[in-house]
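# Next comes the sequence, and after it the predicted model I'd like to discuss.
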Amino acid sequence: MPRVLIADDVAPECLQILRRGEVSADQNAKLAQEELARAVRGYDGLIVRSRVQVTREVIEAGAELRIVGRAGIGTDNIDVDAATRRGILVMNTPQANVTAAAEHAFSLLLSLARNIPRADAKLRAGGWDRKLFTGVELEGKTLGVLGMGKIGKQVARYGQAFGMKVVAYDPYLAEEQARRMDIHLVSIDELLERSDFVTVHVPMTEQTRNLINRDSFAKMKKSARLVNASRGGIVNEEALVEALKSGRIAGAAIDVFEIEPPPADHALRKFDNVVVTPHLGASTEEAQLKVAVDIAQQFVDYFKHGRVRNAVNLSLPTEPALLPYQDLAGTLGHLASQMVGGRVDSIEITVAGAIAEGDTRALSAAAVCGVLRPICGDTVNLVNAAVLAEERQVRVIETRRKDVADYKNLVTVRLGGQPGRTVSGTVLEGKTPRVVDVDGYDVDLKVAPHMLCMIYPDIPGVVGRFGTVMGRRGINIGSMTVGRTGRGQRAIIFVTVDEPISLQVVDELRRDIEGLEFIRAIEL
């Protein structure tokens, strides 16, 4: 009989369902972090919520562990990479918190609009000042929803019920689907400029870190109000404090912080026009019951029937020889997606050469994962990539052919969008992946975590001006890869650097380099 340790404060129904499913289960929600590594020994499964940190040390100590479950959606408290390397499945419960999170976000919006927390505190203290707490109405106002996943869509429906006009930014939401929901899809800049209320519902990734920053607040109305009940770090807290101090925006409601709990002297605690709550998005009785039930049922299905649901790290079976190409396909998709930077209509994966004779489904799934990762974050994996693409009405086309010029094997990812992008790569004999073609530019690119891509006129002096800006900004260049269509025509350059390149640097380069056709900071 498999054994499972519930090491967090999870509803008792979790324990009951496991035992009814013939899974031996123990619950100990009082374990200190340093005790968990000892306690997990001998267990086949581990269930946690958000308090417990499933670190590399815990995973390595759990020699018998086969599965780690998060009763909730986020897996920030689990070292997923360490679990993957150990062959341990990591599951979450992505559906159970949707209603709770959406309702809390809209509750924050209402509380902010009508000054409810301040009015409540004043009245409890013996005061009675109605004019001081004059609010604003929602009807007729514009609600901007950043991210139209399940929670974002729910918040949009709440806004419409209150008579609000809804605009949204989501590169992966189809126009047709948005029209059916009576939602106007816009660019992120237009959303910020038009919205009276902006609410954030995107996953925390390197691409969404500091998504709302100083430049964002400069575009917003002075009467606008911001709600973040998604993840800390998506809104740059320093920039938010500056915007509130200067009156650049009218207020904010924040449920999540970069550091949780935030320090006692955190500046956001001190503003009268800010509503703060201690990460309560999933804190309803119903949501806590749902996550407990869902994770228990998933564990029973896995142990009794070998069924896997909501795994964030499960790979499709792949021949050992194809593993480097699977990694390559994911990288190509991720690179192409960031170069498009907008709505993707289709993903076409072409596998050519000797590898086309094998089972290449994992390569296609990896490419789709790479494309979707900038918008879906850690919720996309090789198991659910096709489903997420279908939900977003992104057509996936897979092609295999034996013939290929110049290379033994070649993987190409072509994205349909505005504009579309085509990226091709191969794996050299030493198992080293290389990007060899980008939109018809012949390159030999060894990708790095932090890169900058530019397309520019092939004339003398451009690289010099670029180098001057980078030097002035103190940015160290690791390597440069250049390709061009022909002498004096157009050129493409990929530059690898040691740290992420900020939007300010990108804007400076755009101003300084005349005729620049394309520029994008890329994070892999």
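Happy to help now that I have it. Residues are numbered from 1 along each chain as shown.

# Low-confidence regions, the stretch 351-500 of the chain specifically.
Per-residue confidence for the stretch 351-500 of the chain (pLDDT under 70) gives these ranges: 378-379, 383, 430.

# what's the domain layout of the protein?
According to automatic domain parsing, the chain comprises the domains 3-95+285-305, 98-276, 315-439, 446-524.

# check contacts around residue 476.
497-498 (Cβ atoms under 8 Å, 6 or more residues apart in numbering). (Glycine included, C-beta is placed from N, CA and C.)

# and the gap between it and residue 519?
To residue 519, residue 476 is 19 Å away according to Cβ to Cβ, to the nearest Å.

# What of residue 83?
37 Å.

# same question, residue 416
Counting by Cβ to Cβ, the gap from residue 416 to residue 519 is 22 Å.

# do residue 450 as well
To residue 519, residue 450 is 15 Å away according to Cβ to Cβ.

# again with residue 489
As judged by Cβ to Cβ, residue 489 and residue 519 stand 18 Å apart.

# again with residue 252
31 Å.

# Out of those two, name the residue with the larger neighbour count.
Just comparing residue 252 and residue 519: by other Cβ atoms under 10 Å the higher neighbour count belongs to residue 252, 25 against 19.

# Give me the three-state assignment for that one.
Secondary structure for residue 252, judged by DSSP: H, G, I helix; E, B strand; the rest coil, is strand.

# now it, which residues is it bridged with?
Beta-bridge pairing for residue 252 (DSSP bridges): residue 226, residue 274.

# show me what contacts it?
Residues near residue 252 by Cβ under 8 Å, 6+ apart: 112, 225-228, 240, 244, 268, 271, 273-275.

# Give me the buried subset of those.
Buried by 16 or more other Cβ atoms under 10 Å: 112, 225-228, 240, 244, 268, 274-275, out of those.

# And for the host helix or strand of residue 346, what's in contact with it?
Per DSSP states H and E: residue 346 is located in strand 344-353. Strand 344-353 is contacted by residues 171-172, 325, 329, 333, 337, 360, 363-364, 367-368, 371, 389, 394-404, 407-417 when judged by Cβ under 8 Å, 6+ apart.

# Pull up the pairing partners for it, direction included.
The pairing partners recorded for strand 344-353 under DSSP bridges are strand 395-401 (parallel), strand 409-417 (antiparallel).

# highest average neighbour count across the ones you listed?
Per-stretch averages of neighbours, counted by mean count of other Cβ atoms under 10 Å, single out strand 409-417 among these, with a mean of 23.

# Pull the distance from that one to the chain's centre.
Its chain's C-alpha centre and that of strand 409-417 lie 22 Å apart, by Cα atoms, centre = their mean, to the nearest Å.

# what's the closest of the buried ones among the contacts of residue 252 to residue 34?
residue 268 (31.5 Å; Cβ to Cβ).

# Let me see the confidence value for the nearest residue to the closest one once chain neighbours are set aside.
With sequence-adjacent residues excluded and distances taken as Cβ to Cβ, 6 or more residues apart in numbering, residue 268 is closest to residue 274, at 5.5 Å. pLDDT for residue 274: 97.

# how about residue 274, what does it touch?
244, 251-254, 268.

# Export these as JSON lines, with columns for distance to residue 427 and pLDDT.
Below are the contacts of residue 274 laid out as JSON lines (distance: Cβ to Cβ, whole Å; pLDDT from 0 to 100):
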{"residue": "244", "distance to residue 427": "51", "pLDDT": "98"}
{"residue": "251", "distance to residue 427": "52", "pLDDT": "98"}
{"residue": "252", "distance to residue 427": "48", "pLDDT": "98"}
{"residue": "253", "distance to residue 427": "49", "pLDDT": "98"}
{"residue": "254", "distance to residue 427": "45", "pLDDT": "98"}
{"residue": "268", "distance to residue 427": "48", "pLDDT": "96"}
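
# now the strands: where do they sit in the stretch 401-524 of the chain?
409-417, 421-427, 433-438, 441-445, 450-457, 477-484, 490-497, 518-523 (DSSP state E, counting those that start in this stretch).

# Could you export those as TSV, including distance to residue 161?
Listed next are the strands of the stretch 401-524 of the chain as TSV, based on distance: least, Cβ to Cβ, whole Å:
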stretch	distance to residue 161
strand 409-417	32
strand 421-427	39
strand 433-438	46
strand 441-445	49
strand 450-457	43
strand 477-484	52
strand 490-497	47
strand 518-523	37
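
# can you tell me which helix in this protein is longest?
The residue-count maximum for a helix in the chain (DSSP state H) belongs to helix 285-305.

# How about the secondary structure of residue 249?
Quick answer, by three-state DSSP: residue 249 is coil.

# Please tell me how far it sits from residue 216.
10 Å.

# quick one, which of these two is more surrounded?
residue 216 (24 against 20).

# Next, that one: phi, psi?
Residue 216 adopts backbone torsions of phi -60, psi -50, taken as degrees, to the nearest 10.

# That one reaches residue 192, doesn't it?
Yes: with contact defined as Cβ atoms under 8 Å, residue 216 reaches residue 192; the gap is 5.7 Å.
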